[in-house]
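Q: sequence and predicted structure are below.
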Amino acid sequence: MGRTYFVEEAVGQYLSDLSTKLKPYVTGLLIGQCSPQRDYVIRAVRTPPKEEQKEDSISPSKLASIDEEWITTHASQVSRMLPGGLLVLGVFIIATPELSKDSQNALRKLIFSVEKSLTKRRLWKPAEEEVSDRAALQICSATKKVVCRTYDVQDPKSSAKPADWKYQSALSASWLALDCTVNVNIHIPLLATSPNHDLEKNTKTGLNRWSKQIEDSVFLINGQVKDDDTELLEGQKKLRGNTQSSTQFSDVKVLTQLSQGSSHRSTATVQVCSASINLKGAVKCRAYIHNNKPKVKEAIQALKRDIINTLSDRCEILFEDLIINEGPHRKNFEREYHVLPQRLFVPVAGSSVMLSDYKFGDETTGEIQERFVEMLDQSVQAEDIHIGEEINT
């Protein structure tokens, strides 16, 4: 029995519009949520055209010309814009009948390379029971025939399995949101013995240790500790009328352990340090979860991952910005102070889910709007951009 993908109707309209506009083929990403019982697709996003394609306004005619690196880079950029609970769960290709024979091989390659690129950036480990199937969606631009298959990305030799692709209206109109603000105060010592203090490498090492703390934290949902296998909404009134987008928020508090319990033996090492990196501030975290009887553990896992992702993504964005503005061989100053980018949220039409992005203090609203058009093919009104945090984050 293959997997079933429940798909927002607007995704079908978007794919249909693409199939009439772009010939002979167009690729893109599928965004949504995996759960043990079923998977949900709430967005599809075409691969942005490269500069030279924009100028010539033509697509390459053969599938062999698919730029794998360009598509995986797009997937990495898009994954930064997804709050907890959402992920890139597949790849689509819309092609003319002449190219359809080669489409499946192209999709298979893309699915594995996209997953490899996304896994490399993650600081968290997937759970044992995690869904590892990813969708390969093939659409014929002439007949509009849709074929959906899945590949198990944990198995490099995986063969295609058939999957159901079912459209549903107002699919994510009343998904549940979990919100929390985490106060971060991470101290990363830099050893005197290390030849050069690579800021990025050392920060990642420190974030790795911190992410394990987050994994082991206790999460209070609306002030209560809930059992992993209970339903998230147990004891709460359900919202009526799911055609209008309405969000049911849960307020979450994160309790991190101050020290390991007596059951853990710890060995202390004294090391001479010549400097340190400190990460301080309050970060806004958010996760969304489907409303089909979700379990507490699904919701908490989604929020944990958002907490870990949002901090590591911001550090990554900062280091990319430093390389662009100051070059890779910057001088080391006695004391440096950098402000990590702020988080912002943007609504999705017809959905209770909001997408996310990051902005530096000197970035304009226009630049954010351009990024949403390029990365997510979505035009955003200035008044719909909600800044999640104060500037001193």
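A: Right, received. Where do you want to start?

Q: low pLDDT regions in the protein?
A: The chain contains residues with pLDDT under 70 at 1, 52-61, 194-197, 235-247, 258-266, 327-334, 390-393.

Q: show me the helices in it, by range?
A: Assigned by DSSP state H, the helices in the chain fall at 9-21, 51-56, 68-80, 100-121, 199-215, 296-326, 365-376.

Q: return the set of buried residues in the fifth one.
A: Within helix 199-215, the residues that qualify as buried are 199, 202, 203, 204, 206, 207, 210, 211, 214, counting by 16 or more other CB atoms under 10 Å. No exception for glycine: its C-beta is placed from N, CA and C like everyone else's.

Q: I'd say the fifth one and residue 186 touch.
A: Yes: Residue 206 is in contact with residue 186 according to CB atoms under 8 Å; the separation is 5.6 Å.

Q: residues shared between the contacts of those two?
A: 277, 279 (CB atoms under 8 Å, 6 or more residues apart in numbering).

Q: so what's the nearest residue to residue 296 once chain neighbours are set aside up against?
A: Excluding its sequence neighbours, the residue lying closest to residue 296 (CB to CB, 6 or more residues apart in numbering) is residue 226, at 4.5 Å. Counting by CB under 8 Å, 6+ apart, residue 226 makes contact with 232, 234, 296.

Q: from residue 306, how far out is the first one?
A: When distances are taken as CB to CB, to the nearest Å, residue 232 and residue 306 turn out to be 16 Å apart.

Q: which one of these two has more residues nearby?
A: Legend: neighbour count by other CB atoms under 10 Å for residue 232 and residue 306, higher for residue 306 (26 against 22).

Q: spatially nearest residue to that one, not counting backbone neighbours?
A: Setting aside the residues directly before and after it, residue 306 is nearest to residue 84 in space (CB to CB, 6+ apart), at 2.8 Å.

Q: please apply the same query to residue 356.
A: Counting by CB to CB, 6+ apart, residue 356 lies nearest to residue 83, which is 5.0 Å off, once chain neighbours are set aside.

Q: need the buried residues of helix 199-215 in a markdown table with distance to residue 64, can you?
A: As requested, these are exported to a markdown table (distance: CB to CB, whole Å):
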| residue | distance to residue 64 |
| --- | --- |
| 199 | 40 |
| 202 | 42 |
| 203 | 39 |
| 204 | 36 |
| 206 | 43 |
| 207 | 39 |
| 210 | 44 |
| 211 | 40 |
| 214 | 43 |
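
Q: return the closest of those with respect to residue 351.
A: Distance to residue 351 across the buried residues of helix 199-215 (CB to CB) is lowest for residue 214, with 27.1 Å.

Q: I'd guessed the closest one sits against residue 303; true?
A: No: Residue 214 lies out of contact with residue 303 (CB under 8 Å); the separation is 9.6 Å.

Q: residue contacts, residue 221?
A: Taking CB under 8 Å, 6+ apart as the contact definition, residue 221 lies against 178, 232, 250, 251, 252, 296, 299, 300.

Q: OK, contacts around the last one?
A: Residue 300 sits next to 178, 219, 221, 228 when contact means CB under 8 Å, 6+ apart.

Q: in strands only, show me the residues you listed.
A: Counted as lying in strands by DSSP state E, out of the contacts of residue 300, are 178, 219, 221.

Q: tell me the one of the residues you listed nearest residue 45?
A: Using CB to CB, residue 178 is the member of the ones in strands among the contacts of residue 300 that sits closest to residue 45, with 24.2 Å.

Q: and the closest one, what does it touch?
A: Contacts of residue 178 were listed using CB under 8 Å, 6+ apart, and they are 84, 221, 249-250, 252, 286-289, 299-300, 302-303.

Q: fine by me, we can end here.
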